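> Sequence and computational prediction follow.
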Amino acid sequence: MPESPSRPDSPDPDGLLAWLDTRQDYERTPPSSSRAAFGLGRMRQLLKLLGNPQLTIPVAHVAGTKGKGSTVAMLGAMLEAAGHRTGRYMSPHIHRIEERIAVNGMPISTADLATACGLVRPAVDRLDRLADRRHDRRVTWFEVMTAVAFVHFARSDVEIAVLETGLGGRLDATNVCRPVVTVITSISLDHMKLLGPTVGRIAAEKAGIIKRGCPVISGAVQPAARQVIAATARRRRARLLQLGRDFEAASLPAVGDPTGTGRLVVTPPAAYHPPELIQADLGMPGRHQADNAALAVVAALELDRRGFAVPAAAITRGLAATSLPARIETISRAPLVIVDAAHNEASMASLIETLQGLLDRHRPRVLLFAASRDKQLRKMLTTARGRFDHVILTRYVINPRAAEIDPLLTACGAAGLPAAEQAESAAAAFRRAKALAGRQGIIVAAGSFFLAAEIRAAAGLTGSPA
């Protein structure tokens, strides 16, 4: 019989969260191979013991290399603006794990998180005992969190949940859901040791979220990725809507501020009503956000066709209201300080492209950089060649994956950037960057979500932007 999720004992938040932190966490310590570490068997067993809450919730499922979180946030905001009780599941968090799970834009409370963990824990302990007898892997941190999200959404009576995959898609813990629409954002090289060395191989992992007969909306640009996604959609008889073929996105720049909100223009697929252009102001800065927003708009139109009414007014309200921390986020004006979670070559290139106007206007220009050791450090830094007067390298302390300073220095030299300074911590790097920039300069902090978290904390910010 499934273990009932209806009557938790009085939960101890500190104890349950401490128990959660004993789990294997691949965001902190990546496995050596995906073959040994990932699979859906444990997740299916766990959810079966919990009564399969994931099967009671319609889902919009989002995978991709870049833009997943932004797309989830925008689609969730549109559904909420339309009056639907909407769950969101995103990763990683910036400051608190409660950020990962939200209902109608409100992060789960610590008490509710502890309650959901308390409901999930007996099933996890049961599977752990079985795994120990079989000398197998225990349930991981992300699997527990995903189960907690499903339990919380079921207890909160959400009408629909928008889920972001953690890594890949095919073997991701979220891929046990039953989506009514799937979205694949742009594909680029990242996590190659786990997902594969080519864009095509990575696209195949992302395309693993496509379900039989379920429409898929793709923002993939590279031909190899498009071919893989199209072939997967054909095999699974899933209707494919491809950005640049079935619908278009354009962005009109904001007046006076290159990183400010721009105006989105979407030409939707011809079959949708209304067929005319959809125009909306974007709360998320950056040209790349126009593509993410277009994917979210078309997903909303598809959901509208499937019984989740999303009128045009809700689309425009949701897009204008969406903001996320560490996505080209301005945290200071004198000096101008911009924090971004760009963590691969493609996202760094998008960041530099977006900031071109500001980098031309402000002097001195300071790049503050740290990244995980498994990233393509030289290629990431090469995107910034010729754009900065000073570079400060550091390492974050909240995650053991941080690259050491010596490889960063080597990558910086190979990328043709100015001779870099080094700082022992993100806070020290931030102080030095402010001294170099003065009141008229610009500081760009990029390279990792973990760096973004430490820079925001150093600036006295520990929550989402207003």
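Yep, that arrived.

> Export stretch 338-351 to CSV, keeping only CA atoms.
Taking Å, rounded to 0.1, in the frame of the first residue of the first chain, the C-alpha atoms of stretch 338-351 are listed here in CSV:
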residue,chain,number,x,y,z
ILE,A,338,25.5,43.8,-12.9
VAL,A,339,25.4,40.2,-11.7
ASP,A,340,24.6,37.4,-14.0
ALA,A,341,24.7,33.6,-13.6
ALA,A,342,26.2,33.0,-17.0
HIS,A,343,28.0,29.7,-16.6
ASN,A,344,29.0,28.5,-20.1
GLU,A,345,30.4,30.0,-23.3
ALA,A,346,27.0,30.7,-24.9
SER,A,347,25.5,32.4,-21.9
MET,A,348,28.7,34.5,-21.4
ALA,A,349,28.5,35.6,-25.0
SER,A,350,24.8,36.6,-24.6
LEU,A,351,25.7,38.6,-21.5
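
> Now do it: everything it contacts.
Contacts to stretch 338-351, defined as C-beta atoms under 8 Å, 6 or more residues apart in numbering, come from residues 65-66, 186, 188-190, 259, 286-288, 325-331, 355, 358, 371-372, 375-376, 379-384, 442-449, 452, 455-456. (Glycine included, C-beta is placed from N, CA and C.)

> mind running it again at 7 Å?
For stretch 338-351, contacts defined as C-beta atoms under 7 Å, 6 or more residues apart in numbering pick out 66, 188-190, 259, 286, 288, 326-331, 355, 371, 375-376, 379-380, 383-384, 444-449, 452, 455-456.

> Could you check how far it is from the centre of its chain?
13 Å (C-alpha atoms, centre = their mean, to the nearest Å).

> Return the helix or strand in the chain with minimum mean pLDDT.
helix 34-37 (a mean of 57; mean pLDDT, DSSP states H and E).

> Next secondary structure after that helix?
helix 41-49 (DSSP states H and E).

> Give me the buried positions along that next one.
Using 16 or more other C-beta atoms under 10 Å as the test for burial, helix 41-49 gives 42-43, 45-47, 49.

> Among the contacts of stretch 338-351, name the buried ones.
66, 188-190, 259, 286, 288, 326-329, 331, 355, 371, 375-376, 379-380, 383-384, 444-449, 452, 455-456.

> In helices, which of these fall?
Among the buried ones among the contacts of stretch 338-351, the residues falling in helices (DSSP state H) are 288, 379-380, 449, 452, 455-456.

> State the pair within those that is farthest apart.
Distance extremes for these: the farthest pair is 379 and 456 at 25.6 Å, using C-beta to C-beta.

> Next, count neighbours for residue 245.
A count of nearby residues for residue 245, using other C-beta atoms under 10 Å, gives 12.

> quick one: it and residue 142, what's the gap?
From residue 245 across to residue 142, the span is 34 Å (C-beta to C-beta, to the nearest Å).

> repeat for residue 360
41 Å.

> do the same with residue 195
Taking C-beta to C-beta, one finds residue 195 at 15 Å from residue 142.

> quick one on the thing from earlier: tell me which of the contacts of stretch 338-351 fall in strands.
329-331, 444-446 (DSSP state E).

> Run a quick neighbour tally on residue 12.
There are 13 residues near residue 12, going by other C-beta under 10 Å.

> for residue 109, that is, sorry about that
Residue 109: 11 neighbours (other C-beta under 10 Å).

> let's have the chain start at 42 instead
Got it, the first residue is 42 from now on, which makes the last one we talked about residue 150.

> just how off-centre is the helix ranked longest in the chain within its chain?
Scanning the chain for the longest helix, with DSSP H as the assignment, gives helix 151-175. Centroid displacement of helix 151-175 relative to its chain, using C-alpha atoms, centre = their mean, is 25 Å.

> what's the next secondary structure element after it?
Next in sequence after helix 151-175, counting helices and strands by DSSP H and E, comes helix 182-196.

> Average pLDDT for the following helix or strand past that next one, rounded please.
Next along the chain after helix 182-196, taking DSSP H and E as the criterion, comes strand 201-205. Averaged over strand 201-205, pLDDT sits at 98.

> packing partners for strand 201-205?
Applying 3 or more C-beta pairs under 7 Å, 6 or more residues apart in numbering; DSSP states H and E, one finds that strand 201-205 contacts strand 100-104, helix 109-122, strand 127-130.

> and of the ones you listed, who's closest to residue 260?
Residue 260 sits nearest to helix 109-122 of all the helices and strands packed on strand 201-205, at 8.1 Å, using C-beta to C-beta.

> Tell me the gap between that closest one and the middle of its chain.
12 Å.

> separation between residue 463 and residue 246?
Distance from residue 463 to residue 246, counting by C-beta to C-beta: 35 Å.

> If you count surrounding residues, which of those two has more?
Between residue 463 and residue 246, counted using other C-beta under 10 Å, the more crowded position is residue 246 (24 against 17).

> And the more buried one, which helix or strand is it part of?
helix 240-247.

> Not counting that helix itself, show me its contacts.
Contacts for helix 240-247 (C-beta under 7 Å, 6+ apart): 104-106, 209-211, 225, 228-230, 236-237, 261, 263, 265-266, 269-270.

> where does the stretch 42-191 of the chain have low pLDDT?
By pLDDT under 70, the low-scoring segments of the stretch 42-191 of the chain are 42-52, 72-78.

> same thing but 50
Counting by pLDDT under 50, the stretch 42-191 of the chain contains low-confidence ranges at 42-49.

> Contact partners for the residue nearest the centre of the chain?
Nearest to the mean C-alpha position of the chain, counting by C-alpha atoms, centre = their mean, stands residue 110 at 3.3 Å. The contact partners of residue 110, taken as C-beta under 7 Å, 6+ apart, are 131, 205, 365.

> Now do the first one against residue 494, distance only.
What it means is residue 131. From residue 131 to residue 494 the distance is 14 Å (C-beta to C-beta).

> Between the two, point out the one with more neighbours.
residue 494 (25 against 22).

> Spatially, which residue comes closest to the more buried one, not counting chain neighbours?
Once flanking residues are discounted, residue 494 sits nearest to residue 135: 4.9 Å by C-beta to C-beta, 6 or more residues apart in numbering.

> I'd guess the one you found is in a helix, am I close?
No. Under DSSP: H, G, I helix; E, B strand; the rest coil, residue 135 sits outside any helix and is assigned coil.

> Over to it: give its phi and psi.
phi -90, psi -50 (degrees, to the nearest 10).

> ok, now residue 227?
Here is the backbone geometry of residue 227 (degrees, to the nearest 10): phi -60, psi 150.

> what bridges to it?
Beta-bridge partners recorded for residue 227 (DSSP bridges): residue 107.

> pretty sure it is touching residue 266, no?
No. Residue 227 lies out of contact with residue 266 (C-beta atoms under 7 Å); the separation is 8.2 Å.

> hmm, who's touching the helix or strand harbouring residue 447?
Residue 447 belongs to helix 446-455 when assigned by DSSP H and E. If you take C-beta under 7 Å, 6+ apart as the criterion, helix 446-455 is touched by 414, 418-419, 422, 432, 434, 436, 461, 463.
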